[in-house]
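K.L.:
Curious how this folds, go ahead:
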Amino acid sequence: MTGQPYISVIVTAYNRRRYLPFALRSLEAQTLPRDRFEVIVVKNFEDKESDDIISRNGWKDLYEDTTYHGRKILAGLEESKGDVITFLEDDDVYASNRLEEVYKAFKSYDRLVYFHNSQAIIDGNGNLLERPPLSKNLVGGSPIIVDVDKLRGLAKRYNVSVIDLALKVRANAWYNSSSLAVRRGVLEADAHLLRELPMAFDAFALASSVRAGGLMYFTDERLTLYRVHGENWTFMSVAKGSKEETRLRHARYILPAIRACRLISSRLLNDEANICLCVEEGGRRALLTLPLPELGTLPPELRINISDVKLALRCYKVGHYKRLTDLAFVMGHLLLSPILASPRGRLFVGKLLESIRRP
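P.N.:
Okay, the predicted model is just below:
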């Protein structure tokens with residue numbers, strides 16, 4: 001429709017004020033003409049510096065006080081008008097030409113449903129780090145255009161998941177929400193699931209695009225600046241704290257990750273043996289070895305059962321478990337599952353394992 005923006009940028013922030021102004025200024029610096037994109041900021045706080053930037057540009061400012069990333073995305077989606085939806089997390093920054101590249105890609109291919117670019121890595125102060133990007137094309141140079149329908153044929157022939165096949169074409173093809181863009185219809189088709197999604201929206205977006213079918217555009221251009229700091233779970237090893245605090249942070253990450261992977265696997269990927277389903281099983285095993293009283297007695301859905309052994313065999317067959325010892329660990333967790341379900345049992349087994357590991 002004439003006069004409507006072609007791209008909607010959904011910016012999400014929860015509690016963190018420090019980095020958001022940098023993210024918003026990177027949107028002000030975009031080379032794409034202003035009338036071709038809109039910005040919707042979804043956050044749970046007021047901040048004068050950020051609010052001034054939002055106000056002077058006439059961008060939308062939505063209040064959403066939830067830890068569920070999917071609900072923030074849904075709030076922005078419901079207020080957006082663009083044919084293409086892209087995302088920016090509060091601690092990341094766009095290169096000045098990112099939206100222009102997204103625009104050109106989607107305008108060039110009518111069937112394009114998914115766009116993903118590589119990243120430059122910056123530190124908490126915005127300094128560029130000499131690190132490789134998180135995502136890169138593994139075959140075919142850059143950019144490459146992948147037809148999901150053709151991938152389905154190959155996946156069927158080799159008995160692998162379509163999403164796993166996409167990840168063999170591009171390493172971490174879903175990683176980092178600030179590096180992806182999707183056709184509006186893709187998200188709208190699965191919008192009802194976003195309310196249930198606690199985290200891993202990037203994996204959700206790729207899975208949803210694979211299910212929708214069409215073309216995927218992968219470029220090695222570093223159009224997103226990914227910020228490494230102490231609050232990133234991926235780089236949590238740089239954060240300081242006691243062993244107990246580290247374990248608690250680990251548990252707080254694993255629990256929503258399990259829920260997100262279960263949702264993506266069962267509702268978008270038909271429970272095929274794929275990386276997300278195998279990550280879910282591994283996450284539940286990791287919980288069983290965390291000696292944390294705060295977790296209480298684990299409910300049955302978080303324990304290991306005989307179906308997990310069958311899943312582990314499938315994960316090993318498609319290459320997500322590299323060693324036969326991984327299967328042995330699943331069997332061991334199955335036998336010990338009644339003990340490991342309770343805080344006292346986890347503490348006992350944890351101390352036993354620590355004594356075995358000591359030289």
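K.L.:
mind saving the C-alpha coords of stretch 111-128 as CSV?
P.N.:
What follows is stretch 111-128 as a C-alpha-only set of coordinates in CSV (Å, rounded to 0.1, in the frame of the first residue of the first chain):
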residue,chain,number,x,y,z
ARG,A,111,9.6,-15.8,-2.8
LEU,A,112,12.1,-14.8,-0.2
VAL,A,113,11.0,-15.6,3.3
TYR,A,114,14.2,-15.5,5.4
PHE,A,115,17.3,-13.3,5.4
HIS,A,116,20.4,-13.8,7.6
ASN,A,117,23.6,-11.9,7.7
SER,A,118,27.0,-12.4,9.5
GLN,A,119,28.2,-10.4,12.5
ALA,A,120,31.1,-8.3,13.6
ILE,A,121,31.9,-8.7,17.4
ILE,A,122,32.2,-5.7,19.7
ASP,A,123,32.9,-5.4,23.4
GLY,A,124,30.8,-3.7,26.1
ASN,A,125,32.3,-0.3,25.1
GLY,A,126,31.7,-0.8,21.4
ASN,A,127,35.3,-1.6,20.4
LEU,A,128,35.7,-4.0,17.5
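K.L.:
longest strand of the chain?
P.N.:
Using DSSP state E to define each element, the chain has its longest strand at strand 215-227.
K.L.:
what comes up buried for whichever helix or strand comes after that one?
P.N.:
With elements assigned by DSSP states H and E, the helix or strand that comes after strand 215-227 is helix 243-267. For helix 243-267, burial by neighbour count (16 or more other C-beta atoms under 10 Å) applies to 247-248, 250, 253-265, 267. Where you see a C-beta, it was placed from the backbone N, CA and C, and this is true even at glycine.
K.L.:
Quick check: neighbours of the longest strand of the chain in the sheet, parallel or antiparallel?
P.N.:
Strand pairing for strand 215-227, using DSSP bridges, gives strand 93-94 (antiparallel), strand 112-122 (parallel), strand 144-147 (antiparallel).
K.L.:
Measure how far that strand is from the centre of its chain, please.
P.N.:
14 Å (C-alpha atoms, centre = their mean, to the nearest Å).
K.L.:
Could you pull up the mean pLDDT of it?
P.N.:
Averaging pLDDT along strand 215-227 yields 98.
K.L.:
ditto for stretch 88-105
P.N.:
In this model, stretch 88-105 carries a mean pLDDT of 98.
K.L.:
May I have that stretch as CSV, with CA atoms only?
P.N.:
Provided in CSV are the C-alpha atoms of stretch 88-105 (Å, rounded to 0.1, in the frame of the first residue of the first chain):
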residue,chain,number,x,y,z
LEU,A,88,17.3,-5.5,16.9
GLU,A,89,18.1,-6.5,20.4
ASP,A,90,19.0,-3.6,22.8
ASP,A,91,22.7,-4.6,23.1
ASP,A,92,23.4,-5.0,19.4
VAL,A,93,24.0,-2.4,16.7
TYR,A,94,23.3,-2.3,12.9
ALA,A,95,25.9,-1.4,10.3
SER,A,96,24.7,1.7,8.5
ASN,A,97,23.7,-0.2,5.3
ARG,A,98,21.9,-3.2,7.0
LEU,A,99,18.4,-2.1,6.2
GLU,A,100,19.3,-1.2,2.7
GLU,A,101,20.7,-4.7,2.1
VAL,A,102,17.6,-6.3,3.6
TYR,A,103,15.4,-4.1,1.4
LYS,A,104,17.3,-5.0,-1.8
ALA,A,105,17.2,-8.7,-1.0
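K.L.:
Pull out the buried residues from that stretch.
P.N.:
Using 16+ other C-beta under 10 Å as the test for burial, stretch 88-105 gives 88-95, 97-103, 105.
K.L.:
same question, stretch 5-15
P.N.:
Pro5, Tyr6, Ile7, Ser8, Val9, Ile10, Val11, Thr12, Ala13, Tyr14.
K.L.:
which among those residues gets closest to Val84?
P.N.:
Minimum distance to Val84 across the buried residues of stretch 5-15 is 4.8 Å, recorded for Ile7 (C-beta to C-beta).
K.L.:
The closest residue to that closest one other than its chain neighbours and Gly213: what is the separation?
P.N.:
Using C-beta to C-beta, 6 or more residues apart in numbering and skipping residues adjacent in sequence, the residue nearest Ile7 is Phe37, 4.1 Å away. Distance, Phe37 to Gly213, using C-beta to C-beta, to the nearest Å: 26 Å.
K.L.:
Which of the two has more residues huddled nearby?
P.N.:
A direct count of neighbours by other C-beta atoms under 10 Å for Phe37 and Gly213 places Phe37 higher, at 21 against 15.
K.L.:
In contact with Met216, which residues?
P.N.:
Leu112, Val113, Tyr114, Phe115, His116, Ile145, Val146, Val148, Ala166, Ala173, Ser209 (C-beta atoms under 8 Å, 6 or more residues apart in numbering).
K.L.:
count of neighbours near the last one?
P.N.:
A count of nearby residues for Ser209, using other C-beta under 10 Å, gives 29.
K.L.:
Surely it touches Tyr114?
P.N.:
Yes: counting by C-beta atoms under 8 Å, Tyr114 is a contact partner of Ser209 at 3.8 Å.
K.L.:
got a list of what Arg222 touches?
P.N.:
The neighbours of Arg222, taking C-beta under 8 Å, 6+ apart as the test, are Ala95, Asn117, Ser118, Gln119, Ala120, Pro133.
K.L.:
To clarify, my last question referred to His333.
P.N.:
Per C-beta under 8 Å, 6+ apart, neighbours of His333: Arg285, Leu288, Ile304, Asp308, Leu340.
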